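Undergrad: Sequence and predicted structure are below.
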Amino acid sequence: MDPDAVARAFVEHYYCTFDTNRAALGGLYQDNSMLSFEVAKMQSTAAISEKLAGLPFQQCEHNISTIDCQPSGPVGGMLVFVSGSLQLSGEQHTLKFSQMFHLIPTAQGSFYMLNDIFRLNYA
Amino acid sequence: MDPDAVARAFVEHYYRTFDTNRAALGGLYQDNSTLSFEGAKTQGVAAISEKLTGLPFQQCQHNISTIDCQPSGPAGGVLVFVSGSLQLSGEQHALKFSQMFHLIPTAQGSFYMLIDIFRLNYA
């Protein structure tokens, strides 16, 4: 398993899902997953799905600038650190953001997000 | 253990050490630690210390804007996600940055950085 390849594949899948089918993001979390989205913190698939579905915009597009990753911990986890910009439909200016994921292997050979932290980067 | 308290104490200690005694940062890593600094990856206390002390500025000051943290799993680790600005002596404009740490408990009741990822946030 090449960590960089895993990280890139996950990042592409995550943002593609976010931008085209946000309701499907719940499948990437489990009940012990935690999300920090700006100042809001929540745990579990249900709470996280509700938060993401309820974000105050219909359409968005993420453009990724940097992806850093490192394997982390005894269970084959991966840390992924992303920066980029976010264009909300109808908004003139794009927003800058940073986000980190802690990916844990699943029994099916995939990964889920145990930890997800998102922050806008203000000028 | 309160992850928020751990995160805040660690962040304060890390940036104060960075800004006043950069050579002492090595004590916060172990030989399995990895640092990704603007995409350059290094591993181990010696290599990381060398990287940090070799950064091309003498004095700097970090100002922290946000600290987010979450527990990272059953081993008692803590993920910390920081954003802020970095003023280099002699430079007119401060730089914006984001950084993430994966803190792992030590036998002595402290924490060390298993993972450290740093990125400047360009406008």
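TA: Everything's here; your move.
Undergrad: in the strand or helix carrying residue A:46, what counts as buried?
TA: Assessed by DSSP states H and E, residue A:46 sits inside helix A:45-53. The neighbour-count check on helix A:45-53 (16 or more other CB atoms under 10 Å in any protein chain shown) flags A:45, A:47, A:48, A:49, A:52 as buried. To be clear about C-beta, it is placed using only N, CA and C from the backbone, and glycine gets the same treatment.
Undergrad: now, among those residues, which is nearest to residue B:16?
TA: Within the buried residues of helix A:45-53, the smallest distance to residue B:16 is 34.4 Å, found for residue A:48 (CB to CB).
Undergrad: picking up where we left off before, turn the buried residues of helix A:45-53 into a markdown table, including pLDDT.
TA: Listed next are those as a markdown table, based on pLDDT from 0 to 100:
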| residue | pLDDT |
| --- | --- |
| A:45 | 97 |
| A:47 | 97 |
| A:48 | 98 |
| A:49 | 97 |
| A:52 | 96 |
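Undergrad: Run through the helices of chain A in chain order.
TA: Along chain A, the segments classed as helices by DSSP state H run A:3-20, A:45-53.
Undergrad: right, and the ones you listed - which one's nearest residue A:106?
TA: When the helices of chain A are compared by CB to CB, helix A:3-20 sits nearest residue A:106, at 12.1 Å.
Undergrad: Give me the angle between that closest one and helix A:45-53.
TA: Angle between the axes of helix A:3-20 and helix A:45-53 is 60 degrees (criterion: axes from the mean of the first three to the mean of the last three CA atoms, to 10 degrees).
Undergrad: Just the buried positions in helix A:3-20, please.
TA: Residues A:3, A:6, A:7, A:10, A:11, A:14, A:15, A:17, A:18 are the ones in helix A:3-20 that count as buried (16+ other CB under 10 Å).
Undergrad: Can you tell me the number of residues neighbouring the residue nearest to the fifth one when sequence neighbours are not counted?
TA: Nearest non-adjacent residue to residue A:11, counting by CB to CB, 6 or more residues apart in numbering or on different chains: residue A:67, 5.4 Å away. Residue A:67 sits with 17 neighbouring residues when counted by other CB atoms under 10 Å in any protein chain shown.
Undergrad: how about the helix holding residue A:46, does it reach chain B?
TA: No - judged by CB under 8 Å from any CB of the partner chain, helix A:45-53 makes no contact with chain B; its nearest approach is 12.4 Å.
Undergrad: Nearest residue to whichever residue of chain A sits closest to chain B in space, please, no chain neighbours.
TA: Residue nearest to chain B within chain A (CB to the nearest CB): residue A:98, separated by 4.1 Å. Counting by CB to CB, 6+ apart, residue A:98 lies nearest to residue B:98, which is 4.1 Å off, once chain neighbours are set aside.
Undergrad: okay, now that neighbour: neighbour count?
TA: Counted with other CB under 10 Å, residues neighbouring residue B:98 total 26.
Undergrad: for the one 4 residues further on, same thing?
TA: Counted with other CB under 10 Å, the neighbours of residue B:102 add up to 27.
Undergrad: Correct me if wrong: residue A:29 contacts residue A:45.
TA: Yes - with contact defined as CB atoms under 8 Å, residue A:29 counts as touching residue A:45 (4.8 Å).
Undergrad: who in chain A is up against chain B?
TA: Counting by CB under 8 Å from any CB, the residues of chain A close to chain B are A:34, A:36, A:41, A:66, A:68, A:70, A:72-75, A:77, A:79, A:81, A:83, A:96, A:98, A:100, A:102, A:104, A:114-115, A:117, A:119, A:121, A:123.
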